[in-house]
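Visitor: the following comprises the amino acid sequence and a computationally predicted model.
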Amino acid sequence: MRPNTDKQPATPATPATPATPATPATPATPATDHDDLRSVEAGLDRLQTIGTDRVRPWQRFTTSVLPPVLCVVALIAIWQIWIVIVQPRPDLAPGPLTVLGAIGDAWESGKLQQAVGTSLARGILGFLIAVVIGTPLGMLLAEVRPLRRALGPLISGLQVLPSVAWVPAAILWFGLSDATVYFVVLMGAVPSIINGLIAGVSQMPPQLRQVGTVLGAGRVQMAILIVLPAALPGYVAGLKQGWAFSWRSLMAAEIIATGGSIGFGLGSLLDQSRQLADLPSVLATILLILAIGILVELLAFAPLERRMLRGRGLLVVGTR
Amino acid sequence: MTATPAIRIERVGKRFGTGPVVLDDVNLDIAAGEFVCVLGASGCGKSTLLDLIAGLDRPSSGAITTAEGGAAVMFQESALMPWLTAAGNVELALRLRGIPRADRPRKALELLDVVNLTDAAAKRPHELSGGMRQRVALARALAQDRPVLLMDEPFAALDAITRDLLHEELERVWRATGRTIVFVTHNVREAARLGERVVLLSSRPGRVVGEWRMDAAPGRRIESPEVAAVAIEITERLRKEIRKNAA
């Protein structure tokens, strides 16, 4: 800022005449006029903007980490109490400690690590392939209207179709191989990602596109610099759903298609435990599948979403 | 006045599909460096006229010629990219203009300084007030470096105090940069406060029905008597035009 030369004579204002306003009687020169405007503007800016305060880590812990953890602990406690009081048949209703023991056993035999490793690697790789396929397809469908009119309902329909339904066909096409698993995962995730992107694009304020035109953006620049970032909230929602569908389809495929060159995943572990009528292991595996799904959501998608929404002012600080 | 006007609008008509005629036989010459306010009630097609000048739409009849270099546009909502900072929004305009990456940050800061917003360069649109957003939008429009600046009711959604300040800011920028400004508004006093020339459009269909030339001396304010006098005159005429729609 330049020095406010105009302020110095005005500050010791005459206190004897309270009726007259503080405006100087002499017309200001253009230069000080500008300084004057700047200082008024700066003052108004300060008045009209409020500083956003960040959430303290402790506050975040008590509002968003503690409640679900307490809830899970309470549920396990109720389960244990029920076992102690009712004493049901242990082979049909194992207690939490028995299930924990089953996890321990699976860990010791090394089956658990193998299953988690195989499934997670497949899930992540399959999801990444789905992103690589779904993103350009979604962009194409969102930007080329005749294409969207023709293919849009079909893609939405594919989202409704459970991707497990593809397993028999995939086995006939690809045999009992990893290709079968990946195919089913892709059929689950790609439509979600495409739909999310289309939804994101159609929810973008039309004026942003106009601004792009006015600023001289070409078709490709418009898509990359304006439409894609504007559609990011819908896109991330689509990715999240795509991951959920990938994980679900993967488990279904692993349960149904076992043997051949298909590796040993969590779904296979689940099916194996069922054949051995080992309910504690079955329950342990189910809980593990759930836990991994939640963990990926919490570690990968939640921070991404929170950062994006906060950056756009769509997330009120303190909520969630 | 001048040999070649910055914008020449000749017998322009506009009609959307088979709907009513929005603009009918509009003729207007705007000189380079002139500040023209286009005034009219709702439905007079003033925003449509601006879209036509900006090249966002085509006239159904007639022709519009604009000076070499085209026009920058500012909308009623700032229409800033919500994922970019204030500086980022200005840099986007510089990027699309073809300014090399290394020069963009410095240029963006210079432009933000023109609207007194260097302190807010790193802020996102949602952290800015409505007035600040419009100033970022003005900086972005200036970043395009086009001779003509088209403004579509840019201050309509702002409070009176902020609007007054932005009038001063805009007038200063106009004097400093020598741009041709076409400013669309439904606010008679705003038009009388800002314009060198006020053009009144009738409604349904939009036609030029009146023109006022103003003495654009610096220091004009919205409460100045000469502004009020012209505003009263224009309002009379505007009401007469609106009354015609009653029958």
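Guide: That came in fine, so what should we check first?
Visitor: and the residue of chain A closest to chain B?
Guide: Nearest residue of chain A to chain B (CB to the nearest CB) works out as residue A:313 at 2.5 Å. Heads up, the C-betas are built off the backbone N, CA and C, glycines and all.
Visitor: quick check: mean pLDDT of the longest helix seen in chain A?
Guide: Across chain A, the longest stretch assigned as helix under DSSP state H is helix A:111-143. For helix A:111-143, mean pLDDT rounds to 91.
Visitor: check which helices and strands it sits against.
Guide: Counting by 3 or more CB pairs under 8 Å, 6 or more residues apart in numbering or on different chains; DSSP states H and E, the packing neighbours recorded for helix A:111-143 are helix A:96-109, helix A:145-160, helix A:178-202, helix A:232-256, helix A:266-275, helix A:279-296.
Visitor: so residue B:204 sits against residue B:23, correct?
Guide: No - if you go by CB atoms under 8 Å, residue B:204 and residue B:23 don't touch, sitting 10.2 Å apart.
Visitor: who's more crowded, these two?
Guide: Neighbours were counted for residue B:204 and for residue B:23 using other CB atoms under 10 Å in any protein chain shown; residue B:23 has more, 25 against 16.
Visitor: burial measure for residue B:68, as a count.
Guide: Residue B:68 has 8 neighbours, counted by other CB under 10 Å.
Visitor: show me the domain layout of chain B.
Guide: B:1-70+B:146-247, B:77-144 (automatic domain parsing).
Visitor: comparing those, which yields the minimum mean pLDDT?
Guide: Least confidently modelled of the domains of chain B is domain B:1-70+B:146-247, at a mean of 82 by mean pLDDT.
Visitor: pick out the residue of chain B closest to chain A.
Guide: Across chain B, the shortest distance to chain A (CB to the nearest CB) belongs to residue B:126, at 2.5 Å.
Visitor: is it true that that residue lies in a helix?
Guide: Yes - counting by DSSP: H, G, I helix; E, B strand; the rest coil, residue B:126 is found in a helix.
Visitor: on that earlier part again, now the angle from the longest helix of chain A to helix A:279-296?
Guide: 40 degrees (axes from the mean of the first three to the mean of the last three CA atoms, to 10 degrees).
Visitor: what about helix A:111-143, distance to the chain center?
Guide: Here helix A:111-143 is found 14 Å from its chain centre; the criterion is CA atoms, centre = their mean, to the nearest Å.
Visitor: buried sites along that helix?
Guide: Of the residues in helix A:111-143, those buried under the neighbour-count criterion (16 or more other CB atoms under 10 Å in any protein chain shown) are A:111-112, A:114-116, A:118-120, A:122-123, A:126-127, A:129-131, A:134-135, A:137-139, A:141-142.
Visitor: what does stretch B:12-20 give?
Guide: Under the neighbour-count criterion of 16+ other CB under 10 Å, stretch B:12-20 has B:12, B:13, B:14, B:15 buried.
Visitor: kindly report the same for stretch B:40-52.
Guide: Going by 16+ other CB under 10 Å, stretch B:40-52 has these buried residues: B:40, B:41, B:43, B:44, B:45, B:46, B:47, B:48, B:49, B:50, B:51, B:52.
Visitor: which two among those are spaced furthest apart?
Guide: Greatest spatial distance among the buried residues of stretch B:40-52 (CB to CB): B:41 and B:52, at 19.0 Å.
Visitor: how about the residues of chain B by chain A?
Guide: With CB under 8 Å from any CB of the partner chain as the criterion, chain B comes near chain A at residues B:54, B:56, B:72-73, B:75, B:77, B:79, B:81-83, B:92-93, B:95-97, B:116-117, B:119-120, B:123-132, B:140, B:144, B:161-162, B:165, B:168-169, B:172, B:218-219.
Visitor: residue B:165 and residue B:195, how far apart?
Guide: Residue B:165 sits at a distance of 18 Å from residue B:195 (criterion: CB to CB, to the nearest Å).
Visitor: who has more neighbours, these two?
Guide: A direct count of neighbours by other CB under 10 Å for residue B:165 and residue B:195 places residue B:195 higher, at 24 against 20.
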